[in-house]
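> After the sequence you'll find the predicted model.
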Amino acid sequence: MLVYRLTKGFLSKSSTIGMSLGLTPYRENYALLPPGTSLIMYIVLIPFALIFLYGLYIRFRIYGFNALLTLSKDFRSWFTQSLRYSILQRRIVRDIIAGIMHLTTSYGILVLFTGTLLVFIDSDFLEPFNQKLLHGTFYLIFEFILDIFGLFLIFGIILQLIRRHCGVKRLKPRLEYYIYLWGLLFIGVSGFLLESIRISVTQPPWSSYSFMGNMISEIIMNSGIPSEVLKNLYNVLWWSHAITAFGLIAALPYTNLRHTIVSFIYTGLTHSAPRLPQLAKTPFKLSEVDLSSTEEFKIGFRKISDLDWLQKMGLDACTDCGRCEAICPAYSSGTLLSPRNLVQKLMKTMWKHRLRLERDLIESKDLGYDEIYACTTCGGCVEQCPVVISPLEYIIESRRAFIIDGRMEKKAIETLNNLSRVENPYGLPKIERETLVKELRELGAKTVDEHPNPEYIYWIGCLATYDPRIRNVARKMVEILSRAGVDFAILGTLERCTGEPARRMGEEGLFQELALKNIETLKSINAKKLIVHCPHCYQIFKNEYRELGLEIEVIHHSVLLRNLMSQGKIKPKISVDTLITFHDSCYIARFNNIINEPRELLSSLKFKEMERRGKDTFCCGAGGGNYWSEVKRVKRESLQRLEEAMKINAEVIIVECPYCIAMLEDAVRVMGLEEKIKILDVSEVF
Ligand code: SF4
Ligand code: SF4
């Protein structure tokens, strides 16, 4: 037969098996290669494999081998979560081009790697026992699938190179990335060339199943290159293909390629980690702390050794994709913070100091105050990260360490002192609250003393209590609630700050002190349902007080107003000719998934969306305690957001958060746009 005539002198063990298989299609392993190639290949592979295994061992030694233990204990939830994020790549495919690029590349690599493993089993495990895996119909399908995924790989890599060359902003042009992208491209292309030379020389009757190789082989055959030259070329190409692949495998634990393994394990384990709406773990419970004990407990993150194994693994899972940076308001306003850089920096530090993870990152200035306190805790990075890392968690943990050191800027210290002294961040006396209560009572509100056991408690919040502009929201709400016949009462002078700014700044103890007092007050009046107009209060009551002992139904005013409107109890008063837009609050839309309700309120008005909306909203810049401290920025977040609204010619921006009102109105003043655009709370539409 032609196949045996042409390969005379290069017949391998599989050719002998091939003879016994007759015309049955089969894989001829090590075809066109001199005898003994497989042995030499294994010898060459050994150092690469050792480098790979050593790197992997070191990584897991850094995390602690608990990681693998946890994985095996809760395999089912690990698999479900990993399926969602690593296998189906749910977050990566949100961006269509990046999704196609990553899916084709990763599945190309995965299938080709599996194919190589099957060849390895076939040639080195089964053939010595005169058995064959890759033969018959299975082999034909195998060849066909490998060609398809080989194409996927080449397509994906070319797309990646184009995106990097064309300057997709968030992709860093690092030499390391180019080396392995070109390496992978070489593996894909040389794989097809090897296949086509093999087909040209051996011409198996089933070659059409390797459709790509077959097509290229026709060009080779028409070129008239002598088969001896082809065989030599094959030899050189085969070794370069193998060594490139070995090199990439060896480099895997030491380069960004490690994310292929680490993120696969990590994403599956993140179901037990704090993710939105939680920001970070509660480090202690004040109610359970034995204040007389001299035992120290650890709070905050200042050394890599302070991180738990999952947090350490999270650093290695980072793909350096920059999605977190692209959405980060702190980064876009020119502060020192980039969540990507932070995670990458910590990952590199962890590796560099792998033998002693005790380096003090605050003392060494690896973590800078201006960097860590620039975060608005908007949650954008957590929501965007394709491998479910939470840069926010590292930030909150390190803020706790800064607080312990007392390294705060002046305004932040003042705010914390105010909270501790008079239980509000302004530092204003109680009389201010009494004035507002008096005013609200005139509008129809009753205090819990006057009206015990109401259906709802309307929580006023600090901004509406002390800021004259935001007071209008409280007035409006009381007016609407009274008009609509809602059974409610206010706490009056029993109200105090929820402690949210303290918690965001990292002052956990102060936060819990205020929280426990509020919980006691709410329990003492048997409160079951809370109405809040502040997203920060909403988030705290709904998701953060629970752990400290308060289960309560919380309703954001945008939802309540939507309900009242659908019952026909209230109607918008704004002119239908005014072009309005809506600015989502991070804590309402992104943390708590309330996106449609406020829009339904505005459905009868002339409405246009801004580009960034819903879960992709852009923070006004006030969160994370930043409203209460001084943050060095180049261009404020609120100015950028206002420009976005101006781009669509909006005349009114409707917001659902008192901080957003304050920030955006300030931006309007700075830009001198008072005559052109107005900022209104949703309640002020009615
Ligand atoms: S939470 Fe928001 S501000 Fe903070 S790092 Fe993440 S994206 Fe940036
Ligand atoms: S933290 Fe997540 S989003 Fe940010 S660069 Fe790393 S992988 Fe990408």
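Yep, that arrived. Ligands and ions are numbered 1, 2, ... in the order given.
> which other residues reach the host helix or strand of Asn222?
Element membership of Asn222, judged by DSSP states H and E, is helix 211-223. Contact with helix 211-223 is made by 144, 147, 150-151, 192-193, 195-200, 207-208, 230, as judged by Cβ atoms under 8 Å, 6 or more residues apart in numbering. C-betas here are computed from N, CA, C, even on glycine.
> repeat for stretch 395-407
By Cβ under 8 Å, 6+ apart, stretch 395-407 touches 279-280, 283, 299-302, 306-307, 311, 337, 339, 342, 361-362, 367, 369, 372-373, 375, 377, 408, 504-508.
> restrict those residues to contacts with ligand 1.
Among the contacts of stretch 395-407, the residues that sit close to ligand 1 (Cβ under 6 Å from any ligand atom) are 337, 339, 375, 377.
> on that earlier part again, in helices only, show me the contacts of stretch 395-407.
Using DSSP state H, the members of the contacts of stretch 395-407 that fall in helices are 311, 339, 342, 369, 372, 504-505, 508.
> near ligand 2 too, which of those?
Of the residues in the ones in helices among the contacts of stretch 395-407, proximity to ligand 2 by Cβ under 6 Å from any ligand atom holds for Pro339.
> Write the PyMOL selection for whichever of the ones in helices among the contacts of stretch 395-407 are buried.
Typed into PyMOL, the line below selects the buried ones among those, using 16 or more other Cβ atoms under 10 Å:
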select buried, resi 311+339+342+369+372+504+505+508
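> Closest one of the ones in helices among the contacts of stretch 395-407 to Leu357?
When the ones in helices among the contacts of stretch 395-407 are ranked by distance to Leu357 (Cβ to Cβ), Gln311 comes first, at 11.8 Å.
> In contact with Ile570, which residues?
Going by Cβ under 8 Å, 6+ apart, Ile570 touches 480, 483-484, 561, 564, 686.
> and which of the ones next to ligand 1 among the contacts of stretch 395-407 is nearest Ile389?
For these, the nearest to Ile389 is Pro339 (8.7 Å; Cβ to Cβ).
> OK, contacts around the closest residue to that closest one other than its chain neighbours?
Nearest residue to Pro339, sequence neighbours excluded (Cβ to Cβ, 6 or more residues apart in numbering): Pro391, at 3.5 Å. Pro391 sits next to 324, 339-340, 342-343, 381-382, 385 when contact means Cβ under 8 Å, 6+ apart.
> Identify each buried residue in the host helix or strand of Arg599, please.
According to DSSP H and E, Arg599 maps onto helix 596-601. Within helix 596-601, the residues scored as buried using 16+ other Cβ under 10 Å are 597-599, 601.
> Surely Cys381 and Ala326 touch.
No - Cys381 lies out of contact with Ala326 (Cβ atoms under 8 Å); the separation is 9.5 Å.
> Comparing those two, which shows the higher neighbour count?
Between Cys381 and Ala326, counting by other Cβ atoms under 10 Å, Cys381 is the more crowded of the two (27 against 19).
> which stretch of helix or strand covers the more buried one?
Going by DSSP H and E, Cys381 is part of helix 380-384.
> next structured bit after that helix?
Counting by DSSP H and E, what follows helix 380-384 is helix 391-405.
> which of the residues in that next one are buried?
Judged by neighbour count (16+ other Cβ under 10 Å), helix 391-405 contains these buried residues: 391-403.
> from those residues, which is closest to ligand 1?
Distance to ligand 1, by Cβ to the nearest ligand atom, is smallest for Leu392 among the buried residues of helix 391-405, at 4.3 Å.
> Now do the same contact list for the closest one.
Here Leu392 is in contact with 279-280, 339, 375, 377, 379, 381-382 (Cβ under 8 Å, 6+ apart).
> Run through the residues of the chain sitting next to ligand 1.
The chain has residues 324, 327-330, 337, 339, 375-381, 391-392 near ligand 1, with proximity defined as Cβ under 6 Å from any ligand atom.
> Go through those and say which is closest to ligand 2.
Ligand 2 lies nearest to Cys324 out of the residues of the chain next to ligand 1, by Cβ to the nearest ligand atom, at 3.3 Å.
> which ones are touching whichever residue of the stretch 151-300 of the chain sits closest to ligand 1?
Residue of the stretch 151-300 of the chain nearest ligand 1, by Cβ to the nearest ligand atom: Leu279 (8.5 Å). Leu279 makes contact with 377, 379, 392-393, 396, 504, according to Cβ under 8 Å, 6+ apart.
> Distance check, it against Glu508.
Applying Cβ to Cβ, to the nearest Å, the value for Leu279 to Glu508 is 12 Å.
> Likewise for Leu601?
From Leu601 over to Glu508 the distance is 36 Å, taken as Cβ to Cβ.
> Please, which helix or strand holds Lys132?
Counting by DSSP H and E, Lys132 is part of no helix or strand.
> Report how many residues lie close to it.
Lys132 is flanked by 22 other residues according to other Cβ under 10 Å.
> and if you look at Lys569?
Lys569 has 15 neighbours, counted by other Cβ under 10 Å.
> out of the ones in helices among the contacts of stretch 395-407, who's nearest ligand 2?
Nearest to ligand 2 out of those is Pro339 (Cβ to the nearest ligand atom; 5.7 Å).
> Can you check the pLDDT for the closest one?
Predicted confidence (pLDDT) for Pro339: 98.
> One more: Ser77?
We have a pLDDT of 90 for Ser77.
> Secondary structure element for it, which one?
Using DSSP H and E, Ser77 sits in helix 75-82.
> re the thing from before, between the ones in helices among the contacts of stretch 395-407, which is closest to ligand 1?
Closest approach to ligand 1 among the ones in helices among the contacts of stretch 395-407 (Cβ to the nearest ligand atom): Pro339, at 4.0 Å.
> need the contact list for that closest one.
324-325, 328, 331, 375, 381, 391-392, 395.
> Quickly note the distance from the closest residue to Ala280 other than its chain neighbours to Gly380.
Excluding the flanking residues, the one nearest Ala280 by Cβ to Cβ, 6+ apart is Ile396, at 3.9 Å. The gap separating Ile396 from Gly380 is 15 Å, by Cβ to Cβ.
> okay, the contacts of Leu279 in CSV with pLDDT next?
Shown next, in CSV, are the contacts of Leu279 (pLDDT from 0 to 100):
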residue, pLDDT
Thr377, 98
Gly379, 98
Leu392, 98
Glu393, 98
Ile396, 98
Arg504, 98
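> Farthest pair within those residues?
Distance extremes for the contacts of Leu279: the farthest pair is Glu393 and Arg504 at 13.1 Å, using Cβ to Cβ.
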